[in-house]
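1. Take a look and give me a structure for this.
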Amino acid sequence: MYICGMELQEAKEKFIQTWGALGSQWGINRTMSSIHALLITSNEPLSTENIMEQLKISRGNANMNIRALIDWGLVKKQLLAGERKDYFTASKDVWEIARVIAKERRKRELQPVIEIVSELKDIREKNEEAEAFKEVISNMENFTTQVDRVLEKFVKSDRNWFYRSLLNLIR
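-> Okay, here's the model as predicted:
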């Protein structure tokens, strides 16, 4: 039975831990996704020092992972008037976060596989083993190309198209 909610700080910490664990399954290390979660839940831009203090991580670890988040397009640097430090923010729009992650994973993981599979299908031998190999590679190429097209549509789509398509799939 649900009696009372948790405190805001406790909820934020639980979200940061959970997002950190999930991020490692998306190809993002735990610290990187924990920083991202911290920035998502923060109402104010945070400096490197704020991030280090709240997550109890070193400056080098913070800087390296902030740079990676900027490279992924998940975090933006923000300059505050009168401040010499860099501050960082993250979009709170879950749709946009999902699209950015899908776009980066497509670029970093799927497209290299498509390129390699495309090269592998052109072998010279004409025997049973070679034909079996070509069939596996052809199937892999077809599958990865289809997944790539779906991800490309998702990255370029708006919410309404996606939700309509999802509903059509479920029906």
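2. ok, and the closest non-adjacent residue to residue 11?
-> What sits nearest to residue 11 in space, not counting adjacent residues and going by Cβ to Cβ, 6 or more residues apart in numbering, is residue 5, at 7.8 Å. From N, CA and C alone the C-beta is placed, and that goes for glycine too.
3. ok, longest helix in this structure?
-> helix 128-156 (DSSP state H).
4. If you compare the directions of the next helix or strand after that helix and helix 128-156, what angle comes out?
-> Using DSSP states H and E, the helix or strand that follows helix 128-156 in sequence is helix 159-170. Here helix 159-170 runs at 130 degrees with respect to helix 128-156, directions being taken by axes from the mean of the first three to the mean of the last three Cα atoms, to 10 degrees.
5. Run the chain-centre distance for helix 159-170.
-> Relative to the chain's own centre, helix 159-170 is displaced by 21 Å; criterion: Cα atoms, centre = their mean, to the nearest Å.
6. about what we covered before: I'd like to know which elements the longest helix of the chain is packed against.
-> Judged by 3 or more Cβ pairs under 8 Å, 6 or more residues apart in numbering; DSSP states H and E, the packing partners of helix 128-156 are helix 94-105, helix 111-120.
7. Tell me the buried residues in it?
-> 134, 137, 140, 141, 144, 151, 154, 155 (16 or more other Cβ atoms under 10 Å).
8. The residue nearest to residue 11 belongs to a helix, doesn't it?
-> No: per DSSP: H, G, I helix; E, B strand; the rest coil, residue 5 lies outside any helix segment and is coil.
9. And the most centrally placed residue in the chain, how far from residue 123?
-> What sits nearest the mean C-alpha location of the chain, by Cα atoms, centre = their mean, is residue 101, with 3.0 Å. In this view, residue 101 and residue 123 are 35 Å apart by Cβ to Cβ, to the nearest Å.
10. The helix-or-strand element of the chain with minimal mean pLDDT vs helix 94-105, what angle?
-> Least confident helix or strand, the chain: helix 159-170 with a mean of 74, by mean pLDDT, DSSP states H and E. An angle of 80 degrees separates the directions of helix 159-170 and helix 94-105 when computed by the same axes, to 10 degrees.
11. On the pLDDT front, check residue 11 for me.
-> pLDDT, residue 11: 92.
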